[in-house]
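Asker: take a look and give me a structure for this.
(one chain, ligands or ions: 1)
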Amino acid sequence: MSETKRWQNLRLLWSFVRPHRRTLALGLLLGLGATGASLATPLVTKSILDGLASSASIGPAVTLLVILLVAGSLVGMVQWILLGRLGERVVLDARSSMVRRLFRVRVGELAHRTPGELVTRVTSDTVLLREAAASSLVELVNGSIGLIGALVLMAMLDGVLLATTLVALAIVGVAVAVLMPPMAKAQEQAQGAVGRLGGVLEGALRAIRTVKASRAEARESSRVIVEAEESARQAIRAVRYEAGAYTAAGFGIGLAIMLILGVGAWRVGEDLLTVSALVAFLLYAFQLMEPVTTLATTVSGLQAGIAAAARIREVDALEVEPTDDSHPRALTSRRPIGELSTSALSFESVTARYAPGSAPAIQDVSLEIPRVGHTAIVGPSGAGKTTIFSLLLRFLNPDTGRLILDGTPLPDWSLTDLRRRIVYVEQDTPLVPGTLRENLLYTHEDADEEAIWDALRAVRLEERVKSLPDGLDTKLSTAVISGGERQRIALARALVGDPEILLLDEATAQLDGLTEAAVHEVIARIARTGAVLTIAHRLSTVIDAHQIIVLEAGQVRARGTHQHLLATDALYQDLVAALRIAAQPA
Ligand SMILES: Nc1ncnc2c1ncn2[C@@H]1O[C@H](COP(=O)(O)OP(=O)(O)OP(=O)(O)O)[C@@H](O)[C@H]1O
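Answerer: Residues are numbered from 1 along each chain as shown. As a prediction, this is how the structure comes out:
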C-alpha cells in the first residue's frame with residue numbers, strides 16, 4: 001500500500017471514529033488517569049522503602065498505594081466498557097453506511113463481484129475496525145504517554161540506568177520496525193483471502209441443487225476448502241510476522257532488565273544509587289514492558305483496521321445510481337392515459353455496451369412500445385433482449401441514441417418516478433426475505449387488502465394462501481414454496497403493483513398449467529390499460545402479442561404480428577419451430 005493510500009485509509013478509519021470523538025476523548029482521559037496511577041506507584045513504593053530504612057512512618061504512603069491500585073483498576077474497567085461500546089458503534093456505523101451504499105450501487109457494478117465476497121466485507125472486515133478504531137488508537141496514545149512519563153521519571157531516578165534502558169529499547173524498536181511492513185501486507189492478504197472464501201462458498205451453495213444432481217459435492221467442497229486453506233496459509237504467514245515482532249520485543253525486554261540489574265547493582269555498590277531507587281527503576285522498567293510488548297499487537301490491530309478500511313473504501317468507490325435530488329423537475333403524477341401519445345416507450349437509434357471499448361450489446365436499435373397492449377421480444381440467445389430491459393430500468397445507459405418515456409427522455413425522469421411506473425418480473429423470480437404480504441406489497445406498498453386477494457385469485461393462489469396457518473403473514477423462510485408458486489407470487493406482485501408498464505422476463509423452464517394460465521391472465525389484464533413488454537419463451541405468449549419484435553445480434557431484424565412474421569421472416573420461423581418443439585409434451 002502506498003503512503004498516500006495508507007494515509008487516505010487512516011483518514012477513512014478516522015471518519016468512522018469522528019462522530020464518537022467525545023467518547024474517544026473520555027476514553028483517552030480515563031486512560032491518562034490509569035497511566036498516572038501506575039506512574040505514581042513506583043515513586044510511592046520508593047518512599048515506603050525509604051521510610052522503612054529510616055524508621056519513619058509509612059502509613060500515609062501505604063494508604064496512597066492502596067488508593068492508587070484501586071482507583072487505577074476501577075478507571076481501567078470503566079475505560080474498557082466505554083471503548084468496547086465505542087468499537088461496536090463504529091462497526092455499526094461502518095456496516096450501515098456500506099449496506100446503504102451497496103443498495104445504491106449500479107447493477108452493472110455488482111455484476112463482477114460475488115455477493116459472498118461483499119457479505120464478508122460487511123460482516124467481518126468491519127469487525128477489524130472495532131479493534132483499530134477504539135482499543136488500538138487509545139492504547140497507542142496512552143501507551144506512548146505512559147512510555148514518555150516513565151522515561152522522564154526514570155531520568156530523574158538515574159540518568160546512567162536510563163541510557164542503558166534506551167539502548168536496549170532501541171534494539172527492540174529497530175526489530176519491530178523491520179518486521180511491521182511485511183506483517184501489515186500479510187494481514188491485508190489474509191483479509192482478502194477470507195473474502196474470496198465467502199464468495200466461492202456462496203456461489204457453490206447457491207447452485208446446491210445442480211451440485212448435488214451432478215454428484216459434485218466432493219468437488220465443490222474441495223474448491224471451497226482450497227480457499228479456506230489459502231486463507232489459513234495467509235493467516236499463518238501473518239502470525240509468523242507477529243511472532244517475530246513479539247519475540248524481538250520479548251528478547252529486548254529481557255536484555256533491558258538484565259542490563260538494568262547489572263548496571264544498577266554496580267551503581268548501588270558504588271553508592272551512586274539507593275536500593276529503593278533501583279527498585280523503583282525496575283518497576284518502571286517492567287511498566288515499559290507492557291507498551292513495548294503490546295506495541296506489536298496494537299500496531300497490527302491498527303494495520304488490520306487500515307486494511308479493512310481499504311476494503312470498505314473499495315465498496316465506497318463503486319459507482320452509485322444518481323439520486324432523485326438531481327431532478328428538479330418532479331414527474332410524479334400518474335398521467336391519465338387519454339393525455340398520452342400512443343407510444344409509451346421508444347428507443348431512438350440506441351447503441352449500448354456493458355464496458356467501454358467492448359462490442360455493443362445492442363446497436364442502433366429503434367423501436368416503439370405502444371401505451372396499451374402487449375409487445376413480445378424474441379430472438380436467439382445473446383440477441384440483446386435482457387439488455388433492452390436493463391436500458392428501460394436504467395441499470396445500463398446508452399452510449400448513443402436515447403430512450404423516451406411518455407415524451408420525456410429517460411435521464412430527465414428521476415429513478416424513483418421511472419421505476420414507480422414500471423414493474424419488473426425477473427426470470428428466476430427471487431422473493432425477498434419477509435412475509436408473503438411484504439412480497440406482494442413490495443412494488444406498491446399502499447395497495448389495499450382487496451387488491452392483494454384479487455391478484456392472488458388471478459394467479460390461482462387464493463386457496464393455497466388461505467390454507468396457510470398464517471395466511472398472508474406466513475414467513476417465506478418457513479413455508480414450502482414450489483417453483484410454480486414462486487412465479488405466481490411474483491406475478492401477483494406485478495398485479496398488485498398496478499403498473500403502467502410491465503416488464504416480464506418469462507421463465508424458460510416448462511411451466512405447470514396453473515402458472516402458464518397465470519402468466520396469460522396477468523399479461524392480458526395489464527395490457528388492457530398499460531404496456532406489457534415480455535421477453536417471450538413460450539409460443540402461446542408470442543402468438544397472442546399485439547406486436548412482436550425480433551432481435552438478432554443486437555439489432556432489430558423484424559417486427560409485426562405472429563401471422564405476418566411467420567409469413568415473412570425466416571429467423572422467426574426457426575424460433576417458432578423451436579418453441580413448438582419445446583411446447584410438445586415430453
Ligand atoms: N453484464 C454483462 N457484461 C458484459 N456483457 C454482457 C452482460 N450482459 C450481457 N452481455 C452481452 O450483451 C449481449 C446481449 O446480451 P443479452 O443478455 O441482452 O442477450 P439475451 O438476448 O437476453 O440473451 P439470453 O436469451 O441468453 O438471456 C451478449 O453478447 C452478452 O454477452
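
Asker: list the contacts of the residue of the stretch 201-350 of the chain found nearest the ligand.
Answerer: Proximity of the stretch 201-350 of the chain to the ligand (CB to the nearest ligand atom) peaks at V350, 12.5 Å away. Placement of C-beta: from N, CA and C, glycine included. V350 sits next to 362, 364-366, 391, 398, 400-403 when contact means CB atoms under 8 Å, 6 or more residues apart in numbering.

Asker: how about the residue nearest to it when sequence neighbours are not counted, what does it touch?
Answerer: Closest residue in space to V350, ignoring its immediate chain neighbours: G401 at 3.7 Å, by CB to CB, 6 or more residues apart in numbering. G401 sits next to 347-351, 364-366 when contact means CB under 8 Å, 6+ apart.

Asker: what stretches of this protein score poorly on pLDDT?
Answerer: Applying pLDDT under 70 to the chain flags the ranges 1-3, 6, 172, 176, 180, 290, 292-297, 324-343, 508-511, 582-586.

Asker: residues from it in reach of the ligand?
Answerer: Taking CB under 6 Å from any ligand atom as the contact definition, the chain meets the ligand at 111, 354, 361, 379, 381-387.

Asker: if we can go back for a sec, now the residue of the stretch 201-350 of the chain closest to the ligand, what's its secondary structure?
Answerer: Three-state assignment for V350 (DSSP: H, G, I helix; E, B strand; the rest coil): strand.

Asker: is it bridged to anything, and to what?
Answerer: For V350, the beta-bridge partners are V365 (DSSP bridges).

Asker: among the residues of the chain next to the ligand, which ones are buried?
Answerer: 361, 379, 383-387 (16 or more other CB atoms under 10 Å).

Asker: and the strands in the chain?
Answerer: Assigned by DSSP state E, the strands in the chain fall at 343-352, 362-370, 373-378, 400-405, 408-409, 422-425, 501-505, 531-535, 547-552, 555-560.

Asker: coming back round to it: Serialize the residues of the chain next to the ligand to CSV and add fields for distance to A61.
Answerer: Below are those laid out as CSV (distance: CB to CB, whole Å):
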residue, distance to A61
A111, 71
Y354, 77
A361, 83
G379, 92
S381, 88
G382, 87
A383, 90
G384, 87
K385, 87
T386, 82
T387, 83
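
Asker: which pair in these spans the largest distance?
Answerer: A111 and G379 (21.1 Å; CB to CB).

Asker: what residue in the stretch 51-200 of the chain comes nearest to the ligand?
Answerer: Per CB to the nearest ligand atom, A111 is where the stretch 51-200 of the chain lies closest to the ligand, at 4.4 Å.

Asker: show the contacting residues for the nearest residue to that residue once chain neighbours are set aside.
Answerer: Leaving aside its sequence neighbours, A111 sits nearest to Y354 (CB to CB, 6+ apart; 7.9 Å). Contacts for Y354 (CB under 8 Å, 6+ apart) come out as 108, 111, 361, 396.

Asker: ranking the contacts of G401 by neighbours, who comes first?
Answerer: Among those, V365 has the most neighbours (other CB atoms under 10 Å), with 25 neighbours.

Asker: so it makes contact with E552?
Answerer: No. Judged on CB atoms under 8 Å, V365 makes no contact with E552 at a distance of 11.2 Å.

Asker: which residue ranges of the stretch 151-300 of the chain form helices?
Answerer: All helices of the stretch 151-300 of the chain, identified by DSSP state H, counting those that start in this stretch, fall at 159-206, 208-213, 217-269, 275-316.

Asker: what residues does the shortest one touch?
Answerer: Residues outside helix 208-213 that contact it (CB under 8 Å, 6+ apart) are 204, 216-217, 220.

Asker: one more: stretch 71-89?
Answerer: By CB under 8 Å, 6+ apart, stretch 71-89 touches 17, 20, 23-24, 26-27, 30-31, 33-34, 37-38, 41, 129-131, 133-135, 138.

Asker: in helices only, show me those.
Answerer: Judged by DSSP state H, those include 17, 23-24, 26-27, 30-31, 33-34, 37-38, 41, 129-130, 138 as members of helices.

Asker: distance of A304 relative to E117?
Answerer: Here A304 is placed at a distance of 18 Å from E117 (CB to CB, to the nearest Å).

Asker: for those two, indicate the residue with more neighbours.
Answerer: For A304 versus E117, the count of surrounding residues by other CB under 10 Å is larger for A304: 25 against 19.

Asker: give the contact list for that one.
Answerer: A304 touches 128, 131-132, 187, 191, counting by CB under 8 Å, 6+ apart.

Asker: count of neighbours near I388?
Answerer: Using other CB under 10 Å: I388 sits among 28 other residues.

Asker: how near is K385 to T298?
Answerer: For K385, the distance to T298 - CB to CB - is 57 Å.

Asker: on that earlier part again, among the helices of the stretch 151-300 of the chain, which is the most enclosed?
Answerer: For the helices of the stretch 151-300 of the chain, average neighbour numbers computed from mean count of other CB atoms under 10 Å are highest in helix 275-316, which has a mean of 21.

Asker: who's in contact with the closest residue to M183 other than its chain neighbours?
Answerer: Nearest in space to M183, with sequence neighbours left out and distances taken as CB to CB, 6+ apart, is Y241 at 3.5 Å. By CB under 8 Å, 6+ apart, the contact list for Y241 reads 179, 182-183, 186.
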